[in-house]
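**Student:** Sequence first, predicted model second:
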Amino acid sequence: MKVVDARGLSCPEPIMLTNEALKSESAVTVLVDEAHQKTNVEKFASEKGKKTSVTDKDGYFEIIVE
């Protein structure tokens, strides 16, 4: 599974990187450090028909998009 490390990036970069990764992978792990980025990635995944699971790590969020 590909890991998209979008920590420290501004929107819409996490979405753009997630979209690019999903072109070649069926599932990706996305790392973001802001709650609004987490929400945006979850919304994007839902619009693409993907499911997400989120883990609140120490200072960042790990989002698995499948």
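**Tutor:** Ah, there it is. Nothing here was measured: the structure is a model prediction, and the numbers come from that model.
**Student:** Need the three-state assignment for Val54.
**Tutor:** strand (DSSP: H, G, I helix; E, B strand; the rest coil).
**Student:** neighbours of it, just the number please.
**Tutor:** 15 (other CB atoms under 10 Å). C-beta here means a position set from N, CA and C on the backbone, and glycine is covered the same way.
**Student:** Kindly provide the distance from the residue of the chain most remote from its centre to Val41.
**Tutor:** Distance from the C-alpha centroid of the chain, by CA atoms, centre = their mean, peaks at Asp58 (16.5 Å). Distance from Asp58 to Val41, counting by CB to CB, to the nearest Å: 19 Å.
**Student:** what does Leu31 give?
**Tutor:** In terms of CB to CB, Leu31 sits 10 Å off from Val41.
**Student:** So those two - more neighbours on which side?
**Tutor:** Val41 (27 against 18).
**Student:** Going by neighbour count, list what's buried in the host helix or strand of that one.
**Tutor:** Assessed by DSSP states H and E, Val41 sits inside helix 35-47. Using 16 or more other CB atoms under 10 Å as the test for burial, helix 35-47 gives 37-38, 40-42, 44-45.
**Student:** With stretch 19-34 instead?
**Tutor:** Quick answer for stretch 19-34 (16+ other CB under 10 Å): 21-22, 28-34.
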